[in-house]
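Enquirer: sequence and predicted model, in that order:
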Amino acid sequence: MNRLNTTQTVVPAEIFARRVTARLSEAEADLDYDISERLRAARERALSRRKVVAVPAIARQPQQEAAAPSGKRNWWRAVVSAVPLSAMVAGLAFFNGVQADEGASEMAEYDATLLADELPPSAYTDPGFTQFLKIAAQKQPNDKR
């Protein structure tokens with residue numbers, strides 16, 4: 001499915017190699033005869049030492065054979081890929097439940113604090129409430145002394 005397209009990766013490399021070869025060929029005309037002969041001999045030695053990379057047998061198989069393994073392997077692959085997926089879903093469900101419980105307990109705590117307070121809930125929406133809090137904050141340090 002997600003296969004690396006070798007023609008797309010080889011093409012930029014080939015383009016670069018051709019550009020380098022063209023530049024080197026242009027500069028070769030300016031070199032002395034003995035230098036150009038030494039370079040030619042070095043090229044021939046490098047080409048003779050070049051390693052030939054064997055293509056693995058798996059890569060030579062047609063696409064249809066590689067894409068359609070036997071039924072037993074296909075079933076096992078489905079089971080193996082379903083196990084981590086199901087573990088992830090179970091973990092997400094667990095964390096969602098824990099988070100919902102914590103959120104509900106926090107909301108219950110806020111509600112209990114609000115209802116047990118001396119101020120009625122409508123006081124918190126009053127525009128003068130912030131002024132009341134500032135005055136109360138100023139009075140508290142003076143009262144403690």
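Expert: Arrived safely. Numbering: from 1, shown residues only.
Enquirer: going by C-alpha atoms from here, please, whenever you check contacts or count neighbours.
Expert: Noted.
Enquirer: next structured bit after whichever strand or helix holds G103?
Expert: Counting by DSSP states H and E, the element that carries G103 is helix 71-116. Following helix 71-116 in sequence order, the next helix or strand is helix 129-144 (DSSP H and E).
Enquirer: so for that next one, mean pLDDT?
Expert: Rounded to a whole number, the mean pLDDT of helix 129-144 is 74.
Enquirer: do stretch 48-57 as well
Expert: When pLDDT is averaged over stretch 48-57, the result is 68.
Enquirer: again with stretch 35-43
Expert: In this model, stretch 35-43 carries a mean pLDDT of 85.
Enquirer: centre of the chain to the helix holding G103, how far?
Expert: Relative to its parent chain, helix 71-116 has a centroid offset of 23 Å by C-alpha atoms, centre = their mean, to the nearest Å.
Enquirer: now swap in stretch 112-131 and tell me
Expert: Here stretch 112-131 shows a centroid-to-chain-centroid distance of 48 Å under the convention C-alpha atoms, centre = their mean.
Enquirer: gap between the two ends of that stretch?
Expert: One end of stretch 112-131 sits 24 Å from the other (C-alpha to C-alpha, to the nearest Å).
Enquirer: for G91, give its distance to A82.
Expert: Applying C-alpha to C-alpha, one obtains 14 Å for the distance of G91 from A82.
Enquirer: try S105
Expert: On the measure of C-alpha to C-alpha, S105 and A82 end up 35 Å apart.
Enquirer: that older thread, which other helices and strands contact the helix holding G103?
Expert: Counting contacts by 3 or more C-alpha pairs under 8 Å, 6 or more residues apart in numbering; DSSP states H and E, helix 71-116 is packed against no other helix or strand.
Enquirer: distance check, A13 against R19.
Expert: Applying C-alpha to C-alpha, the value for A13 to R19 is 10 Å.
Enquirer: same question, D117
Expert: According to C-alpha to C-alpha, D117 stands 81 Å off from R19.
Enquirer: kindly report the same for L133.
Expert: Counting by C-alpha to C-alpha, the gap between L133 and R19 amounts to 77 Å.
Enquirer: now E26
Expert: Relative to R19, E26 is positioned 11 Å away (C-alpha to C-alpha).
Enquirer: repeat that for R49.
Expert: For R49, the distance to R19 (C-alpha to C-alpha) stands at 24 Å.
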